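Engineer: what follows is a predicted structure for the sequence shown.
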Amino acid sequence: MSTEPNSRVRRRLIYQGRVQGVGFRYTVASIARRFPVTGYVKNLPDGNVELAVDGEFAPVEAFLNEISVAFAGNIEKTLSEELDFEDEFHGFRIRY
C-alpha cells in the first residue's frame, strides 16, 4: 500500500458489529460528500457493511477516520484490502 500523500488508493472495507439499522450507510454517504472520494457503501446479507473507496491517499484516510469516529461504539472489527483499479466509480453511492 502506498502512503504517499498524492498517491491514488482503492480499498474495500468490511465493517462488522452493530452497523445495520443505525444509519451507517446514510452517514457514510454524507461524510463522503465532504471529501474528494468515490465509491459505494452497501449492506451485506450477513449483517456487515461493505465500503469501497477510491481517491488520493490522504483524503481517503481522513474519510475512513471520520467513519471510525462517527461509529466508534458500533464497529467491532474492520477488514480491509487493496483493490485493483479495474473500473471507475462515478461519485459516491449507496448500493442496495
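Structural biologist: Received it, and whenever you're ready, just let me know what you need. Numbers count the residues shown, from 1 in each chain.

Engineer: now the host helix or strand of residue 39: buried residues?
Structural biologist: Element membership for residue 39, per DSSP states H and E: strand 38-43. Under the neighbour-count criterion of 16 or more other Cβ atoms under 10 Å, strand 38-43 has 38-41, 43 buried. For every residue, glycine as well, the C-beta is placed using N, CA and C.

Engineer: repeat that for stretch 40-60.
Structural biologist: Quick answer for stretch 40-60 (16+ other Cβ under 10 Å): 40-41, 43, 48-49, 51-60.

Engineer: of those residues, which is the nearest to residue 30?
Structural biologist: residue 41 (10.7 Å; Cβ to Cβ).

Engineer: could you list the residues in contact with the longest helix along the chain?
Structural biologist: Among the segments of the chain that qualify as a helix by DSSP state H, the longest is helix 57-70. For helix 57-70, the surrounding residues in contact (Cβ atoms under 8 Å, 6 or more residues apart in numbering) are 2-9, 11, 13, 15, 27-28, 31-32, 34-37, 51, 53-55, 75, 78.

Engineer: quick one: the helix or strand just after it to helix 57-70, angle?
Structural biologist: Sequence-wise, the next helix or strand downstream of helix 57-70 (DSSP H and E) is strand 75-82. Calculated by axes from the mean of the first three to the mean of the last three Cα atoms, to 10 degrees, strand 75-82 forms an angle of 160 degrees with helix 57-70.
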